[in-house]
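# Any chance you can model this:
(chains A, B, C and D)
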Amino acid sequence: MSLHTDRPRPPFERLLIANRGEIAVRVIRACRELGISPIAVHSDADVDAIHVRQADASQRIGPPSPAESYLSIEAILEAAHRSGAQAIHPGYGFLSENADFARAVADAGLTFVGPPAETLASLGNKLAARRGAESAGVPIVPGTTVAVDDDLDGVAAIGFPLMLKAAAGGGGRGMRRVDAEDGLGEALVAARREAVSAFGDGTVYAERLLAPARHVEVQLLGDRHGNLAVLGERDCSVQRRHQKLVEETPSPAVDLETRAALFDSARRVAGTVDFHNAATVEFLLDAERRHYFLEMNTRLQVEHGVTEMATGVDIVAWQIRVAAGDTLPDAILQPEPRGHAIEVRLYAEDPYADFRPSAGHLTVWRLPDGPGVRVDAGVEADTVLRSEYDPLLAKLMVHAEDRPAAVDRLRRALDETLIGGVQTDAGFLRWLVDRPEFIEGAYDTGFIAEHWPAGQRLGPEEASLAAAAAIGMRAMEPATGGPSQPAAAEGSAWGRTARLEARRG
Amino acid sequence: MSLHTDRPRPPFERLLIANRGEIAVRVIRACRELGISPIAVHSDADVDAIHVRQADASQRIGPPSPAESYLSIEAILEAAHRSGAQAIHPGYGFLSENADFARAVADAGLTFVGPPAETLASLGNKLAARRGAESAGVPIVPGTTVAVDDDLDGVAAIGFPLMLKAAAGGGGRGMRRVDAEDGLGEALVAARREAVSAFGDGTVYAERLLAPARHVEVQLLGDRHGNLAVLGERDCSVQRRHQKLVEETPSPAVDLETRAALFDSARRVAGTVDFHNAATVEFLLDAERRHYFLEMNTRLQVEHGVTEMATGVDIVAWQIRVAAGDTLPDAILQPEPRGHAIEVRLYAEDPYADFRPSAGHLTVWRLPDGPGVRVDAGVEADTVLRSEYDPLLAKLMVHAEDRPAAVDRLRRALDETLIGGVQTDAGFLRWLVDRPEFIEGAYDTGFIAEHWPAGQRLGPEEASLAAAAAIGMRAMEPATGGPSQPAAAEGSAWGRTARLEARRG
Amino acid sequence: MSDFEVQVEGQPVEAAPDVRLLLDDPVTGVGRLIRGDTAIAVIVEGSGSDRVVTLRGRRIAVSVRSWRERILAEAERAAASHAGPIAVTATLPGLVVAVGATVGDEVEEGASLVTIEAMKMQNEVRAPRAGRVIEVSVEPGQTVATGAAMLRLE
Amino acid sequence: MSDFEVQVEGQPVEAAPDVRLLLDDPVTGVGRLIRGDTAIAVIVEGSGSDRVVTLRGRRIAVSVRSWRERILAEAERAAASHAGPIAVTATLPGLVVAVGATVGDEVEEGASLVTIEAMKMQNEVRAPRAGRVIEVSVEPGQTVATGAAMLRLE
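I've put the predicted structure just below:
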């Protein structure tokens, strides 16, 4: 029953984390708490990164390019070998759903913190997963259950708008919207070409586009002994181009009946594969609260933290423990979620320029803390952001007694957040928490496209405040440049500068 | 039932916080989440302090000396008047238990976030509170229930060692231990003199010294409509000279039967006074788990955060709401604590020199975050610590599935903590979490005195590591002083310096 | 302070009159804008006349010039105002995945010249005006930083 | 590195031989001591030969002197080694609440000279050796910083 005391020793002595950024830090923390020595890996771009500093040791795995480092099965296995690790945690992204990697890890005699390679292979084909779910009695989005051939009439019969999806895609990649029959042929050719180029497999299937719809997913945790815990649902409908920005649990759109149906479907889908690990079954929910299976991911999800806050279950620690063969206790098999949790993702992206990636030097990095706030960050002040990797800087999570209190807490936490040097989406998130649709929980996957213009213009109030700030700063500085003692200094800030300079001297 | 949505508007428009440091920041956060505009106060020493920066506005209340600023009823009321606040939150310490202050606030037509002045007056006399508890059928520590006069035989009959306590004292102040009869007369004279000088009241009473004993307290929350919530107990036995260093909930020493008895006694004590607010009833627990009433504090306690983590109840928000007349909902009247929470206090004190206060310039201030960690801080990097005020820098709290997991999480959190420029007790706390007594929860109020020598000596391993660090730094620097590009720089740290310098230039 | 001319994102702007700046940390430029009883956290970065103000999460380019700086800048602009060739620069850092023009091509305004991939997304860099390509200095597979010159148009 | 002589809290110490320092931030002195597969966070502050190393939460005074610095220091000490008057300094910052000696008093080693209140506690500053008080430079009600000279003993 206890998380730690019923083990005479840690599940592994050393564990290699085949990832970077905030998720590597998250796994390092779980290792520390379990008594495992965490080993990091790094590309040449990350020699100085926060996940490298927090680990006991770090192995170089190659140049900055992900293909030659974090995506290199060979480099990761060599690093595991050199470090003496007994297990590998893949995080999310990179190699986390790569069946070849899982097989290579097992072949090297190491434990893969994830499902068997065969499970990854079968779920990796979204079309096969779709057929599996249908045969298990789970509703799927109306569309084809076999690959689309050149019979355009059969596809058109699904109805428009529809989505063409790559069977080998997933996680929001390899998708193309078709609005009318006359664009179908051209779109199909393009979708196949993209699928070949991105995934090496041109198989494409078609689904009706459900709108308005919400994206709701169910968190699972399974052990090697057939026990399956259902840890609640998450609503991830605030998306932009299928990229999640906000996640919360419970879903404001899910009532008791819908929740029971979602959980039943999630269990059925999980039953179609040999599975132990953390996993997520994703659904679309239409306006009538009917749900439709989308895909199942047998890895840790970015947004696992909100479920941890609501249930009190440490998903990452248990992921490692079930990999070592431990049995899930009753307290986890019958979880009792409490209150409401919301996560927002802080991205190095410019929401005022269509969420274009930004880069640069993080000069100010002030994140909130205090009651009900959790920050999982992958950067710190003075980090230089590079464009090779995912733009996720940190996840800001709040937990409170109920949803209105959680929204108020999120607003407070965002007001405490101050980031300098790099454009982030923090301003978009702050805007979001004041929107009536968000406050009421009445949003769907089209919310951002509908309400946030691609190039949000600067308002006159912001412009005049920014002008006042810049003038205020210039007026405080001596005409010759750099700061020094002004005639009438405000507060003791200049005194602090003097102290800083003295310390450096 | 909902924390926020059942109110059409915030409980107050503006609230003045008559305090500083971490507790002022805590109340500011509660205000923000409730939609209240928080107004700070500051002495001249705090013009630049973190609580001043986080508030909407701050009122100057006097020179650095507490007596002329944070303890000045007149200055605080003037500040409230100037700012247009409708309510005053006193935090803890300072004026929080001052009946004259509570009366003056009420007379000024403002709401005091606390109990009526009469309640503070009657509980402020510890001897009267002792009599009240006894008459309510609550066990009290054996001793006198009237003031000690010059009948030394009557006092000696209590048995030695015993404690002489000032009736007007409390919170660990105004206490004197007497080990044998022959020191009694002299001790009584000294205790009375100290009581007069510290509290203006020489009344002293006597209690048998219970040892070994644990310090266990019960958290209450009452509204103006007669509802009383019992939010669980806290174990605060890791103390040094009656100053708490570590608090946890639930108490490792309390079984179901003891808990029921403690809660019953706490309710009885609360019933002796007209009370609405957060409050704490403190008990000693002897080796046979018998409990004895010590005192009742009708204010926010430093350690309220662990109860918030375990119950999910925002005590400060509800303190403000009940002050505005709101009714406690059923979810709070029947709380369901979950998991285990521990707080450690980060003090500017030198544990290697008998916990002597330290001061100076905080150069490094790196606190942990991630799952199950909460930090309530009153300082930030570059804060200059002064000796006028309480040395509490921050409270580090963890919450996990059970006590062993919470201890492991606390160890991880302390390992992430790095503070430079000022000696703190962080090293003592890190030592503590590896002690078998602490890991097993088998400690009492004498633990520190018994196991931590006043002048802990530096071990040879630490000395040789410190030497290696200092040599390593000198070897990296050019012979002429200040850092510049060394021949074989490690990592890219020197590159970062160059960037910093460039930014400043 | 009326001797400063302010432009925000290229447009002349009057500073909010009832606001003052309290600077909390001159090293990072963190401060608060005080207006009556409310405070708004800001960061002011940059030096001289070119500042970036971070306000409510948005980085806003602000030019603050004294009259002297303004006259100097105008003189410089006048000297450089002949219609010469222009450089097409990278608008974001990333990997060049396609170059859509070669030397000698006549391109329309808005034509896609270079495709840059950054963080899983492909972004087009387009011609700012019509013209003839006189130099191409990037090729697919190469990484570029923001502002890197990639082509020149005549 | 064998040309450094190291004293930790006044005692000669050999540096741990199998350890190296990785510096993460030269401005604050934050780094890691690497020994085999484990890393220990440290802060190294100070300059020249006088350093303070923060290790596992403890601030440790370390003197690291080159041979040259050592010879210079010894020469200085020799020049100053006549048994002259000594200053009694504040051991912590705080408020002077009592001064227990006046000019001309003969005091014993260990006698309480000044009481300093800091953070609710009273702390005695005692005579480091017996002697006669030749100067008193503080009075009750005054605040003192660490190291402030308060009395002189002959």
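
# Show the backbone phi and psi for A:E207.
phi -130, psi 150 (degrees, to the nearest 10).

# Tell me who's in contact with the nearest residue to it once chain neighbours are set aside.
The shortest distance from A:E207 to any non-neighbouring residue, by C-beta to C-beta, 6 or more residues apart in numbering or on different chains, is to A:G143 (3.6 Å). Yep, even glycine has a C-beta here, placed from its N, CA and C like the rest. By C-beta atoms under 8 Å, 6 or more residues apart in numbering or on different chains, the contact set of A:G143 is A:I158, A:L162, A:M163, A:Y205, A:A206, A:E207, A:R208.

# Which members of those are positioned in helices?
Among the contacts of A:G143, none falls in helices (DSSP state H).

# ok, the residues you listed vs A:V344, which is closest?
Distances from A:V344 to the contacts of A:G143, taken as C-beta to C-beta, are shortest for A:M163 (26.6 Å).

# okay, residue 117: pLDDT?
In the absence of a named chain, chain A is used. Per-residue pLDDT puts A:A117 at 96.

# sorry, should have said chain C
pLDDT, read off for C:E117, is 80.

# Help me confirm that it is found in a helix?
No. Using DSSP: H, G, I helix; E, B strand; the rest coil, the assignment for C:E117 is strand, not a helix.

# I figured it hits C:P140, correct?
No. Counting by C-beta atoms under 8 Å, C:E117 sits too far from C:P140 to count as a contact (10.0 Å).

# Can you give me the neighbour number for A:G185?
Residues within reach of A:G185, counting by other C-beta atoms under 10 Å in any protein chain shown, total 13.

# residues touching the closest residue to it other than its chain neighbours, list them.
Nearest residue to A:G185, sequence neighbours excluded (C-beta to C-beta, 6+ apart): A:L152, at 6.0 Å. Taking C-beta under 8 Å, 6+ apart, we find A:L152 in contact with A:E181, A:L184, A:G185, A:L188.

# Tell me the pLDDT of the residue in the stretch 351-500 of chain A that chain D sits nearest to.
Residue nearest to chain D within the stretch 351-500 of chain A (C-beta to the nearest C-beta): A:D382, separated by 7.4 Å. On the pLDDT scale, A:D382 is placed at 89.

# Give me the distance between it and chain B.
Distance of A:D382 to chain B, computed by C-beta to the nearest C-beta, to the nearest Å: 6 Å.

# Just say helix, strand or coil for that residue.
coil.

# Can you report how many residues lie near it?
Neighbours of A:D382 (other C-beta under 10 Å): 21.

# and if you look at the one 4 residues further on?
For A:R386, the neighbour count with other C-beta under 10 Å is 16.

# ok, now which ones touch it?
Contacts of A:R386 by C-beta under 8 Å, 6+ apart are A:A45, A:P64, A:A359, C:P93.

# and it, what are its phi and psi?
Per-residue torsions, A:R386: phi -110, psi 160 (degrees, to the nearest 10).

# And it, how close does it get to chain B?
The gap separating A:R386 from chain B is 12 Å, by C-beta to the nearest C-beta.

# Equivalent analysis for A:P139, please.
A:P139 is 33 Å from chain B, by C-beta to the nearest C-beta.

# Could you do A:L396 as well?
10 Å.

# can you check A:Y205 too?
From A:Y205 to chain B the distance is 38 Å (C-beta to the nearest C-beta).

# Quick one: neighbours of that residue, just the number.
For A:Y205, the count of nearby residues is 22 (other C-beta under 10 Å).

# That one contacts A:M163, doesn't it?
No. Applying C-beta under 8 Å as the test, A:Y205 and A:M163 come out as separate, 9.1 Å apart.

# Is the residue in chain C that chain D sits nearest to in a helix, a strand, or coil?
For chain C and chain D, the shortest gap (C-beta to the nearest C-beta) falls at C:V27, measuring 9.8 Å. Recorded secondary structure, C:V27: coil (three-state DSSP).

# What's the local residue count around it?
By the criterion of other C-beta under 10 Å, C:V27 has 18 neighbours.

# quick one: pLDDT of it?
Predicted confidence (pLDDT) for C:V27: 87.

# Close to chain D: what parts of the stretch 51-200 of chain A are there?
Contacts of the stretch 51-200 of chain A with chain D, taken as C-beta under 8 Å from any C-beta of the partner chain, map to A:R53, A:A55, A:D56, A:A57, A:S83.

# of those residues, closest to B:A198?
Looking across these and measuring by C-beta to C-beta, the closest to B:A198 is A:R53, at 48.2 Å.

# contacting residues around that closest one?
With the criterion set at C-beta under 8 Å, 6+ apart, A:R53 makes contact with D:D24, D:R32, D:A39.

# Which of the residues you listed fall in strands?
D:D24, D:R32, D:A39 (DSSP state E).

# got a markdown table for the residues you listed, with neighbour count too?
Shown next, in a markdown table, are the ones in strands among the contacts of A:R53 (neighbours: other C-beta atoms under 10 Å in any protein chain shown):
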| residue | neighbour count |
| --- | --- |
| D:D24 | 24 |
| D:R32 | 20 |
| D:A39 | 19 |
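
# Could you say which helix or strand holds residue 41?
I went with chain A, as the question did not name one. In the assignment (DSSP states H and E), A:V41 maps to strand A:37-43.

# actually it's chain C I care about, not the one you picked
Per DSSP H and E: strand C:38-47 holds C:A41.

# and that strand, which residues are buried?
By neighbour count with 16 or more other C-beta atoms under 10 Å in any protein chain shown, strand C:38-47 contains the buried residues C:A39, C:A41, C:V42, C:I43, C:V44, C:E45, C:G46.

# cool, stretch A:282-289 as well?
For stretch A:282-289, burial by neighbour count (16+ other C-beta under 10 Å) applies to A:E282, A:F283, A:L284, A:L285.

# Which elements pack onto the strand holding C:A41?
If you count contacts as 3 or more C-beta pairs under 8 Å, 6 or more residues apart in numbering or on different chains; DSSP states H and E, strand C:38-47 packs onto strand A:418-420, helix A:460-476, strand C:20-25, strand C:30-35, strand C:50-55.

# The second one vs chain C: in contact?
Yes. For helix A:460-476, a contact with chain C is found by C-beta under 8 Å from any C-beta, at A:460-476.
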